[in-house]
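Enquirer: Let me see the structure of the following:
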Amino acid sequence: MEITAEAESWPLAEVFTISRGSRTETELVSVTLTDGDVVGRGECMANPRYDETQESVLATLNDLDLGGSMDREKLQTLLPASAARNALDCAFWDLEAKRAGKRAWEIAGLSAPVSVTTAYTLSLNTPENMGAAARRHADRPLLKLKVTGDGDVARVAAVRDGAPDARLIVDANEGWTPDMVTPLGTELGSLGVEMIEQPLPAAEDSALADIPHPVPFCADESCHTSADLAHLEGRYDLVNIKLDKTGGLTEALKLKEQALEMGFGVMVGCMVATSLAMAPAHLVAQGAAYVDIDGPLLLAKDRPNGLKFDGSFVEPPDAELWG
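Expert: Numbering: from 1, shown residues only. Okay, the predicted model is just below:
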């Protein structure tokens, strides 16, 4: 079995900004597993928030000796939850499906996937620019707003005015302080915001246990794997499952099952990546309270055989793409 990891750079359709900075392209790593005539593929995005770089992911993957007996189950103990493990884990799923002549959802014991409705993300900007973006996307049923603290009420009000019929969720990307949570949550709730993602830094989110939840909170940076769930109780109402955090589809499915058993709502999110990264996430997104797999919509172009988007409706992946 051979592994090939390649660095890729994909231009964005427009500048993308969150509370931690802006970018005009996304740097990805694609993985190809070759076993005779069978090929499996996966993709990840290194996240500097977790001390990952494109170079570090490539180094991790290129240093691996898979041997003849390696599979995705052994992979869970070989690498920690990370972007590198995600790309390789998803490539193993794809390889296994092609070997068996089945779809990945069949191997996972899941029902056949159906189309899901994804959020469309509005980049952090001035209220005027975010309102204009909302008007351009007013026909989308669910908008996700990147926010940062100061000025967020004006931003959300502008978006609500621009897209009066859209459902709204917001993502603070750890940008708020504890004293902001209740007043901002109350005001945003009055504007129709129905969920707030990661209001506080992960290292400081214990404060959420003592803060009223006028709008439900969703853990993102605070939730990587199923091992995190126990200390999230009382702080969050939902968890955001991203494969680059879980280290692949294998752990993502485990995290989803345990989160639901513990009473958490589930959101399935993504990094800014191509349809190759969204395809396994689409399986996890089945039945989720919120789905945010709009990465390909933020790119200037996507991979061949990419996911089919009809507005905000996303069809299951074709076997030619993945799984």
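
Enquirer: which helix is the longest one in this protein?
Expert: helix 83-100 (DSSP state H).

Enquirer: Name the residues of that helix that are buried.
Expert: Going by neighbour count (16 or more other C-beta atoms under 10 Å), the buried part of helix 83-100 is 83-98. Every C-beta, even on glycine, is put in place using the N, C-alpha and C of the backbone.

Enquirer: Just give me the closest of those to residue 123.
Expert: Within the buried residues of helix 83-100, the smallest distance to residue 123 is 21.8 Å, found for residue 83 (C-beta to C-beta).

Enquirer: Quick check: that closest one touching residue 246?
Expert: No: judged on C-beta atoms under 8 Å, residue 83 makes no contact with residue 246 at a distance of 10.4 Å.

Enquirer: and residue 37, how many neighbours?
Expert: 6 (other C-beta atoms under 10 Å).

Enquirer: meant to ask about residue 312
Expert: Residues near residue 312, counting by other C-beta under 10 Å, number 20.

Enquirer: which one is it nearest to, not counting chain neighbours?
Expert: Excluding the flanking residues, the one nearest residue 312 by C-beta to C-beta, 6 or more residues apart in numbering is residue 140, at 4.7 Å.

Enquirer: what are the phi and psi angles of the one you found?
Expert: Residue 140 has phi and psi values of phi -80, psi 140 when expressed as degrees, to the nearest 10.

Enquirer: What distance do you get for it to residue 9?
Expert: 27 Å (C-beta to C-beta, to the nearest Å).

Enquirer: neighbour-wise, which of these two wins?
Expert: Comparing residue 140 with residue 9 by other C-beta under 10 Å, the one with more neighbours is residue 140, at 22 against 9.

Enquirer: Contacts only, for that one.
Expert: 120, 163, 166, 311, 312 (C-beta atoms under 8 Å, 6 or more residues apart in numbering).

Enquirer: Mind doing that once more with 10 Å?
Expert: Residue 140 is in contact with 117-120, 122, 134, 163, 165-167, 294, 297, 311-312, counting by C-beta atoms under 10 Å, 6 or more residues apart in numbering.

Enquirer: In CSV, list those along with secondary structure.
Expert: Listed next are those as CSV, based on DSSP: H, G, I helix; E, B strand; the rest coil:
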residue, secondary structure
117, strand
118, coil
119, coil
120, strand
122, strand
134, helix
163, coil
165, coil
166, coil
167, strand
294, coil
297, helix
311, coil
312, coil
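
Enquirer: among those residues, who's most crowded?
Expert: Neighbour counts for those were taken using other C-beta under 10 Å; the highest belongs to residue 118, with 31 neighbours.

Enquirer: returning to that earlier point: pLDDT score for the residue nearest to residue 312?
Expert: Residue 140 is assigned a predicted lDDT (pLDDT) of 98.

Enquirer: What residues sit buried inside stretch 9-22?
Expert: Quick answer for stretch 9-22 (16+ other C-beta under 10 Å): 10, 12, 16, 18, 19.

Enquirer: Could you list which of these belong to strands?
Expert: Among the buried residues of stretch 9-22, the residues falling in strands (DSSP state E) are 10, 12, 16, 18.
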